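Peer 1: I would like the atomic coordinates for the input below:
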Amino acid sequence: MDYELCKKLKDLGFPQEDNGNKFYCNGNLCGRDYECNENIIRIPTLSELIKECGPTKIAPNQNTKEQKPVEHFFRLGVSDGWFADYEFYESTAISNVTRLPITGWGSTSEEAVANLWLEINN
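Peer 2: The predicted structure follows:
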């Protein structure tokens, strides 16, 4: 994942815990053995990205900032590039269902899920 995408994730609050993976230090790609204590931007793993896109992270009630009960479907696939999407079905009444699709695209599965996370949190 490139520096700009990782920086966008960090700037919007994506967790920056050390995952033992590569990271950017002062804009340069570094490995686990490189010591850097400033301007660190972590490169999240695919599983971390998917976890942060989970249903408890999504669909806050706009009025109370509490979670709404929703049914959700997560897909990750390839179609002219990678895509990751969530579809939410919010029930406000028995016959009133709102469909809320959100999609992220990328050249890799990680980029697609990262862009999905950015869409959710933007």
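Peer 1: pLDDT of the lengthiest helix in the chain, averaged?
Peer 2: Assignment by DSSP state H gives helix 109-121 as the longest helix of the chain. Average pLDDT, helix 109-121: 91.
Peer 1: Identify the residues contacting stretch 28-45?
Peer 2: Under the contact criterion C-beta atoms under 8 Å, 6 or more residues apart in numbering, stretch 28-45 has outside partners 1, 3, 6-7, 9-10, 14-27, 52, 110, 114. C-beta here means a position set from N, CA and C on the backbone, and glycine is covered the same way.
Peer 1: just the buried members of the residues you listed?
Peer 2: Buried residues within those, counting neighbours by 16 or more other C-beta atoms under 10 Å: 1, 6, 9-10, 14, 23-24, 52, 110, 114.
Peer 1: re earlier: restricted to strands, list the contacts of stretch 28-45.
Peer 2: In this view, these that belong to strands under DSSP state E are 23-25.
Peer 1: Need the residues you listed in CSV (columns: pLDDT and distance to Ser79).
Peer 2: Formatted as CSV, the ones in strands among the contacts of stretch 28-45 follow (pLDDT from 0 to 100; distance: C-beta to C-beta, whole Å):
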residue, pLDDT, distance to Ser79
Phe23, 89, 31
Tyr24, 91, 29
Cys25, 88, 35
